[in-house]
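> 3D model of this:
(4 chains, ligands or ions: 2)
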Amino acid sequence: MRYLPKSDSERQEMLAACGIATAEELYAHLPAKAKLNRELNLAPGISEYEIIDFFKARADDTAQGYASFLGAGVYRHYRPVLCDTIVSRGEFLTSYTPYQAEIAQGTLTAIFEFQTMICQLTGMDVANASMYDGSTAVPEAAMMAVRVTGRGKVLVSRVVHPEYREVLTTYARHQGMPVEEFGYHAETGQLDLEDLEAKLDRDTAAVIIQSPNFFGVIENVKAAADLAHKSGALLIFVFAEAASLGLLAPPTDADIVAGELQSFAISPSFGGPYAGIIAAKEKFLRQLPGRLVGQSVDSNGNRAFCLTLSTREQHIRREKATSNICTNQALIALMATVYMTVYGKEGLRELATQNLSKAHYLSSKIKPRFTGPFFNEFVADAPGSPEAVNQQLLGKKIIGGLALNRFYPELGNATLLCATEMSRRADMDAVAEAYAQ
Amino acid sequence: MRYLPKSDSERQEMLAACGIATAEELYAHLPAKAKLNRELNLAPGISEYEIIDFFKARADDTAQGYASFLGAGVYRHYRPVLCDTIVSRGEFLTSYTPYQAEIAQGTLTAIFEFQTMICQLTGMDVANASMYDGSTAVPEAAMMAVRVTGRGKVLVSRVVHPEYREVLTTYARHQGMPVEEFGYHAETGQLDLEDLEAKLDRDTAAVIIQSPNFFGVIENVKAAADLAHKSGALLIFVFAEAASLGLLAPPTDADIVAGELQSFAISPSFGGPYAGIIAAKEKFLRQLPGRLVGQSVDSNGNRAFCLTLSTREQHIRREKATSNICTNQALIALMATVYMTVYGKEGLRELATQNLSKAHYLSSKIKPRFTGPFFNEFVADAPGSPEAVNQQLLGKKIIGGLALNRFYPELGNATLLCATEMSRRADMDAVAEAYAQ
Amino acid sequence: MIRKVRQHITQNEALLFEESSPGKSGYQLPALDVPAVDPHEALGGGNVRDEIEGFPEVSEVEAIRHFTRLSTWNYAIDLGLYPLGSCTMKYNPRVNELVARLDGLAWAHPYQPESLSQGAMQVIADLESALLEITGMDAITLQPAAGAHGELTGILLVRAYLESQGNPRKRILVPDSAHGTNPATASMAGYAVQNIKSNDKGMMDVEQLAGLLDRDDAHDIAALMVTNPSTLGIFEEDIAKVAGILHSKGAMLYMDGANMNALVGLTRPGDFGVDVMHLNLHKTFSTPHGGGGPGSGPVAIKKHLEPFLPVPVLKKVSEAWHFDYNRPQSIGRVRAFYGNFGVLVRALAYILAHGGPGLRNATVDALMNANYIRRKLEPHYDLPYSSPSMHEVVFSDDRQSANGVKTGDLAKRLIDYGFHPYTVSFPTIVHGAIMIEPTETESKRELDLFIDAMISIANEIEADPKSVLQAPYSTRTTRVDEVLAARRPIVRWKPDRSSSQAAD
Amino acid sequence: MIRKVRQHITQNEALLFEESSPGKSGYQLPALDVPAVDPHEALGGGNVRDEIEGFPEVSEVEAIRHFTRLSTWNYAIDLGLYPLGSCTMKYNPRVNELVARLDGLAWAHPYQPESLSQGAMQVIADLESALLEITGMDAITLQPAAGAHGELTGILLVRAYLESQGNPRKRILVPDSAHGTNPATASMAGYAVQNIKSNDKGMMDVEQLAGLLDRDDAHDIAALMVTNPSTLGIFEEDIAKVAGILHSKGAMLYMDGANMNALVGLTRPGDFGVDVMHLNLHKTFSTPHGGGGPGSGPVAIKKHLEPFLPVPVLKKVSEAWHFDYNRPQSIGRVRAFYGNFGVLVRALAYILAHGGPGLRNATVDALMNANYIRRKLEPHYDLPYSSPSMHEVVFSDDRQSANGVKTGDLAKRLIDYGFHPYTVSFPTIVHGAIMIEPTETESKRELDLFIDAMISIANEIEADPKSVLQAPYSTRTTRVDEVLAARRPIVRWKPDRSSSQAAD
Ligand SMILES: Cc1ncc(COP(=O)(O)O)c(C=O)c1O
Ligand SMILES: Cc1ncc(COP(=O)(O)O)c(C=O)c1O
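Numbers count the residues shown, from 1 in each chain, chains lettered A, B, ... in the order given. Ligands and ions are numbered 1, 2, ... in the order given. This next block holds a predicted model:
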């Protein structure tokens, strides 16, 4: 087998060195009853060529070649070639968590840069080395707020990504952490400040809002923060569309930021792997979940980096750890780091402005349902059932917007349409035409 | 511009350091009449995304998705993923000719291994670091024979690849090196030994034969070598299908081997870049054209490699050099080196045997025109005009065989059909069906 | 004599922020094909940010050099043996990277119509059934993003099941040799953790366990979380018996499958009483660790837990794959969408490459490599447990620490010999643990070099223990001050005050 | 102080042949879907080889490690400045690698029907017209595989043209600053080479040339081959006049365009009298050098040479591209098929990325970088020619060799500072040449580090010249004995006699 670097005679030599005659003796001690006395019922191994063929056939049985106006937490952004070039280097791809700092400075330095860029983007003071994704970063942030405030409850906006909220619910359920939702404003599509205010109480550890929210609408972060702070709760700011940070005011009024970086060179890949982050104010540093890289010096006094504050983590603190997270999304975070580097200060802004322009071109032809300002996606009512208009668009090799009744039954025929820098005018015109009927 | 690592203020600083105020002063000394007083009439630069789009459109306007039975010097073999993985490493991709041995041991070691593998494959004693391709290796080998023998003329078999012969003719024409062709046997498709014998004379420096020859037929190398040697000429053995060397007897009777490695992981790429080689008996070492890597030691006595015997080459010997070649095909040779490593001793043989089996499956359904033994291609007469049968196959997304009348008008409707390990039985059956009509 | 490595020159590199200068850039966007919108107008001034202070401004060539230079400071599987115990650092086939990047898979949006997602869903389905065959379990979810995430999912399944039986119970038993994620998980799922001691064979103590489960308060034991083979690399011989004891009290057996690479093709958790387990696809099924992730932590279960699986569950409805959300007893989602799909693709590619018999052969080679190392190093290092080793072997630094050299120092010295260290100080039940897992993808040649290095270091420690304490000597970064890093945490770059003043 | 690099550990690696053992393999073929053929039966026993003695037998993981380890011993543009004069080592954009590998281009067979090759032919056509615009010439062939190959093609065109005029003539004039390929080419094309001296400005001596062409035997001068800018980095100010003189005698002006990167967008050879020239796409248009190749050496010509172009010539016939072979005056083929197509793709991608104005900006930056270095190093190194520098600058080791340190030693010391050396001892008209070409893709930061290094070495040579002679000190391979290599050439591996006996 091509992945096994041994000849049979070497195997014999090694078994002899172990003092045994046959490979079977290596596992002779397994309880007889537990032993599998047959081959696994899986086909024999196939060649590289056949593996590629196999997956090409699967890939052909998808939406290859379709334009798409889906967003809703997963965005089609162009992926600069450099991102794959860098993460494909064996030194990054095939290394482990950088516990041995002296031979992991490459990874450590890159993560330190990543943490820095996340702080610069979000206006926070500190950021961790990554979470699994945005959806799991949200409950981790909530748990952090609970630890920090000593309070138990979290309030979450109904226009936080529905799947993020579902994950929050799953995590919260058995931790004595009640989760309550507050509504949105039917006209603006923004969170309902009055409802929030009404639900805030002395046991509220955190208020969780997302901006741009699931409807694509930009929230008034300061107003929400003020309300939260007034009752002693923290504000957790969630973002699902990282590209928006190139243009939108950073959430400096928040206490904790939990976000999803998929937009930064991470392919949609049917839902993962992506990379989440948690960033926060300096004072919450020791309550962060996940890995952190810190700056130090080596024995020659040269700047060097290492994993730090690991007394927060499961491998030291066990049941008292800030989280059980171990493996994170390092390589994906590196991809995002390369992305942020390639676009840089100017590029992220221009990119965001292009997204804004494309979405507003589309909204100039399809009336948005909500009046709040939006970035690169917005809600619009389909002329009839969303399924019908989408079916029609599929005929033109266009995947239309997401039908929202799945998550918001009250919205009837509303759809969520997203345009990015990759959306072509002609396709947008086709969508507009379908909506005009 | 993304490839230019300077800000405008840095440019100003640097110009100031040069003692000038504007960039124009850098070329103010160019003769006024020679200066281009307009912008180049080329479109403004485009983004990476647009570049990919541009070439995807070109790529879509080709035979993408077609099965093919073309060979004739360019073979469809599977390319193991490792080949691109390795040559994509910046350390190999973006380094220059290894003149500075101390920081080029990676390239040097790999070339040394390449030279060794070529010797092992061909049965020769020495091999160079690569030539442009097979077609240019042939005249270089001929010139080498002229230098070695002090004779002027070369005899070349008509079943050496026609384009190789054309290149030979171009090179030979102005060097006082007459090139004469000898024929092939109408029944076996092998070179005509009688014709060769008749044309050999005391001025013949070399006899050039190819095996498998352009008809796919395996030659009797020893017989040709004996004739050549009897009259004091060298035998130059040419191969265009390197995969055949996995199975066929190496040309140990030859004095010089000139070959094309395209079959070893090098994509057809509309004709190039490929990699040629010249290998030879030890005694001709100093007459080899092109670069050579040799083994030596460093000042600590460790084994080390460096370019050697460069007194043969143009940068030292100028007009007396063995060739004018400078840039060669190093990266492509590296690709072939990885290929030979991945397949290895057993793999090349199994690969060749699969090729043999596929071609013989096809020949079990389509009668070969020649009786000589063949490897993975053979000549067969089309039922009518080759164009007609090929047109019909195109309808099934199959590219048929090469019409030979282009090079051998005497062969009428003959076509050259090639099957490799990548040829599928169903496609071969379709070809057979078309030929059966 | 150090045969594996030599010293060589390496490029230094500043941080990106230090290489930036205003106006340099590495990108170009296509020209807009729609009218440009003024952000202030479209969004309102208050919503528009100022420039991102300190953000990188470099060209493409500087970006590629930056990360290429950084990369050369890393050790990696592609460079040699990476014998981190418990981490299963095996060769990551490159074809898997290629197939995961095929457009149709890489660009599949999780919300695109199911009719246009069948290929991707088929990949999930194929992997699910292969993993079920390998584990002998009844059902599976691929949603968890890593091992620890799988643990949480698995324990939530246990909890939901017990709840459905009327009582979620309170405690989870965790052997003292367990990985830190096990207790951390139990606690996140709302359980108290009770540690249980291993016996002198390095295995669970069945008597003790039986005792525990015989006590009156045993009805509040929800489950036992056991790693098998344990983190000592030892197969829990009494696992089936333990399962029986637990089941008799209505408690569940959770198996941490991080070491499943020792079992594939030889024995199946489903056949020895496990109710729920997770797999680490990034270990057993060789998806790249990438400097710490991503991973994937599928959870496989027995029938009785099936109603509680996270939504959605993949289901075939009239010849087409379909995501089923209508699962009233589900624990809910543990992650958005369907898991780390790109990792799933790689794991399936790995399974296809090996095939059934091949997976078993790989397991056997992994066992052989570990036992070969054990045999060769036993004369030089203390082996605290003599039970048979499976895929890894755990020594202690007992003999070396007598000379003042601890496992951590020894590990640093190993770097000078050209190897990544083994896992240091884990499992904690072995004092000064030296935890070595070679995996099956190491050649005899590489193992012999490693063994020589370990023996040579043992000899150095006999001869001159002090010399080892300052190691490594051969890396561009010498020993890093981790204490300083934690005492004065600097977790992000900030402009140098002096230089930023100068720039003002 | 060396700021650019530090010492670091690097993996050693034996040769593949030394790592092989019988039965290891890195491949698997799909199962045959046709009956297996017995080679002996199909071919006759005499045609079937024995096993390939000594050929590698390693697994995939060993293969990837082998080449990855080897790669780490290389310097590369991706790691830093590579200031080889005349070689134009500029950044190689990675998108170019991607587009060259698109299936439809990479798998295009040169003999597939033209109707199914239009996309590939369009690439050739687009590149042809861009290069014609850039050079100001009338027609072009992309067939030659590299610069030297282009030279041969170009001189054969001259020869064919002159022959068509009745006499191919006998001599080619070559300035003493020319690259070795120029005289070697002339000789391969059947011409005698006459070297001509440069004047004290480092340019061609027009008087001398005029004299030569005034002589009675001038009618046997076929052409002058001149590199412009010359290998001194100096623009030949009198080039148009020289062209005039040559033309007046029926001789041709051949321009070696290896340094065309100094001219793109500023001036065009077609506008200053050149009849024929080659380009090095792997220099000016940034296709990767790959450790020595591949390249591409298009030849651009004026109208009168067009009938002689190699076959085939690309032609548009009723809206479709077509290869025209019907060219009775053609010199014939210089290479099979249509040239190094994959390199052409990359060059076109480079041109598209820059665009017209962008290409000119790149040229200007290249000039600026060279002149910046010149200014900064002039106080420390002897500058033999004071004419304005274009894209490169040539110093001599005059001041350093007074202390016994030659350009070659200095170059080796530069390695310790973290840089690839400049071009050593070329052009030969400068004694102890130090030929520096930074290219436009170097940042000020990197140039400053280089300048510091060069100055520091100059100082070292003043202080302690001996210390420089043993450099480099920081590479895993110290100075290699090139004399030994040439005296006792070992150009292939052979099994060690002692060990092979042991194996017998
Ligand atoms: C035994 C054991 N359990 C659990 C884990 C956690 O898995 P992950 O890192 O994928 O979250 C690990 C990984 O280090 C492990 O070794
Ligand atoms: C001035 C000059 N002419 C010609 C050549 C030869 O070009 P190539 O190496 O592409 O054959 C070179 C390349 O080194 C050169 O620098």
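
> list the contacts of residue 430.
No chain was given, so I picked chain A. A:393, A:396, A:398 (C-beta atoms under 8 Å, 6 or more residues apart in numbering or on different chains). Any C-beta I mention is one placed from the backbone N, CA and C, and that applies to glycine too.

> not quite, I wanted chain C
C:232, C:384-385, C:394, C:396.

> so which of those are in strands?
Judged by DSSP state E, strands contain the following of the contacts of C:Val430: C:394, C:396.

> neighbour-wise, which one of the contacts of C:Val430 leads?
C:Val394 (30 neighbours; other C-beta atoms under 10 Å in any protein chain shown).

> identify the bridge partners of that residue.
When bridges are called by DSSP bridges, C:Val394 pairs up with C:Met435.

> same check, this time on C:Ile301
Bridge pairing for C:Ile301 - DSSP bridges - gives C:Ala139, C:Val276.

> can you give me the neighbour number for it?
Applying other C-beta under 10 Å, we find 29 residues neighbouring C:Ile301.

> identify the residues contacting residue 312.
By default, I'm working from chain A. A:Arg312 neighbours (C-beta under 8 Å, 6+ apart): A:286-289, A:292, A:321-322.

> chain C, not that one
C:Pro312 neighbours (C-beta under 8 Å, 6+ apart): C:323-325, C:327, C:338.

> in JSON lines, list the contacts of A:Ala430 along with distance to ligand 1.
Formatted as JSON lines, the contacts of A:Ala430 follow (distance: C-beta to the nearest ligand atom, whole Å):
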{"residue": "A:Leu393", "distance to ligand 1": "40"}
{"residue": "A:Lys396", "distance to ligand 1": "43"}
{"residue": "A:Ile398", "distance to ligand 1": "39"}
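
> please pick the buried ones from the residues you listed.
A:393, A:398 (16 or more other C-beta atoms under 10 Å in any protein chain shown).

> restricted to strands, list the contacts of A:Ala430.
Those of the contacts of A:Ala430 lying in strands (DSSP E): A:Ile398.

> now, which of the contacts of A:Ala430 sits nearest chain B?
A:Ile398 (17.7 Å; C-beta to the nearest C-beta).

> related to what we said a few turns ago, which of the contacts of A:Arg312 are buried?
Applying 16+ other C-beta under 10 Å to the contacts of A:Arg312 flags A:287-289, A:292, A:321-322 as buried.

> and those residues, which two are the farthest apart?
Within the buried ones among the contacts of A:Arg312, A:Leu292 and A:Ala321 form the most distant pair, 13.3 Å apart (C-beta to C-beta).

> how many other residues sit next to A:Ala63?
Neighbours of A:Ala63 (other C-beta under 10 Å): 23.

> ditto for C:Glu151
Considering only other C-beta under 10 Å, C:Glu151 is surrounded by 31 other residues.

> contact partners for it?
Contacts of C:Glu151 (C-beta under 8 Å, 6+ apart): A:324, C:181-182, C:185, C:225, C:254, C:256, C:278, C:297.

> can you check C:Ala349 too?
With contacts defined as C-beta under 8 Å, 6+ apart, the neighbours of C:Ala349 are A:51, A:55, C:93, C:95-96, C:99-100.

> same list, the residues you listed, but as JSON lines with pLDDT, distance to ligand 1 and neighbour count please.
Formatted as JSON lines, the contacts of C:Ala349 follow (pLDDT from 0 to 100; distance: C-beta to the nearest ligand atom, whole Å; neighbours: other C-beta atoms under 10 Å in any protein chain shown):
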{"residue": "A:Ile51", "pLDDT": "98", "distance to ligand 1": "25", "neighbour count": "23"}
{"residue": "A:Phe55", "pLDDT": "98", "distance to ligand 1": "24", "neighbour count": "25"}
{"residue": "C:Pro93", "pLDDT": "98", "distance to ligand 1": "20", "neighbour count": "27"}
{"residue": "C:Val95", "pLDDT": "98", "distance to ligand 1": "23", "neighbour count": "23"}
{"residue": "C:Asn96", "pLDDT": "98", "distance to ligand 1": "18", "neighbour count": "27"}
{"residue": "C:Val99", "pLDDT": "98", "distance to ligand 1": "22", "neighbour count": "27"}
{"residue": "C:Ala100", "pLDDT": "98", "distance to ligand 1": "18", "neighbour count": "23"}
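
> looking at the residues you listed, which is nearest D:Ala192?
Each of these was scored against D:Ala192 by C-beta to C-beta, and C:Val95 proved nearest at 55.8 Å.

> surely that closest one and A:Ile52 touch.
Yes. Here C:Val95 reaches A:Ile52: they are 6.6 Å apart, a contact under C-beta atoms under 8 Å.

> could you measure the closest residue to A:Gly19 other than its chain neighbours against C:Ser389, distance?
Using C-beta to C-beta, 6 or more residues apart in numbering or on different chains and skipping residues adjacent in sequence, the residue nearest A:Gly19 is C:Arg375, 7.0 Å away. Using C-beta to C-beta, to the nearest Å, C:Arg375 is found at 10 Å from C:Ser389.

> more neighbours: the two, which one.
When neighbours are counted by other C-beta under 10 Å, C:Arg375 and C:Ser389 differ, and C:Ser389 comes out ahead with 26 against 17.

> so what's the closest residue to C:Ile77 other than its chain neighbours up against?
The shortest distance from C:Ile77 to any non-neighbouring residue, by C-beta to C-beta, 6+ apart, is to A:Thr94 (3.8 Å). By C-beta under 8 Å, 6+ apart, A:Thr94 lies in contact with C:76-78, C:82, C:89, C:92, C:288-290.

> same thing but at 7 Å, please
Counting by C-beta atoms under 7 Å, 6 or more residues apart in numbering or on different chains, A:Thr94 touches C:76-78, C:92, C:288-289.

> ok so, going back, ok, the buried ones among the contacts of A:Arg312 vs chain C, which is closest?
For the buried ones among the contacts of A:Arg312, the nearest to chain C is A:Ala321 (4.4 Å; C-beta to the nearest C-beta).

> follow-up on the earlier one: out of the contacts of A:Thr94, the closest to chain B would be?
In terms of C-beta to the nearest C-beta, no member of the contacts of A:Thr94 lies closer to chain B than C:Asp78, at 9.5 Å.

> just confirm A:Leu417 is within a helix.
No. Going by DSSP: H, G, I helix; E, B strand; the rest coil, the assignment for A:Leu417 is strand, not a helix.

> so who does residue 365 touch?
Defaulting to chain A. A:Ala432.

> should've been chain C
With contact set as C-beta under 7 Å, 6+ apart, C:Asp365 has these partners: A:4, A:6, C:440.

> still on that earlier bit, tell me the one among the buried ones among the contacts of A:Arg312 nearest to C:Lys466.
For those, the nearest to C:Lys466 is A:Leu292 (32.8 Å; C-beta to C-beta).

> wait, what's in contact with that closest one?
Neighbours of A:Leu292 in contact, by C-beta under 7 Å, 6+ apart: A:128-129, A:307-309, C:491.

> hmm, 10 Å instead?
A:Leu292 sits next to A:111-112, A:115, A:126-129, A:285-286, A:306-310, A:312-313, C:485-486, C:489, C:491-492 when contact means C-beta atoms under 10 Å, 6 or more residues apart in numbering or on different chains.

> from those residues, which would you call buried?
Buried members of the contacts of A:Leu292, counted by 16+ other C-beta under 10 Å: A:111-112, A:115, A:126-129, A:285, A:306-310, A:312-313, C:485-486, C:489, C:491-492.
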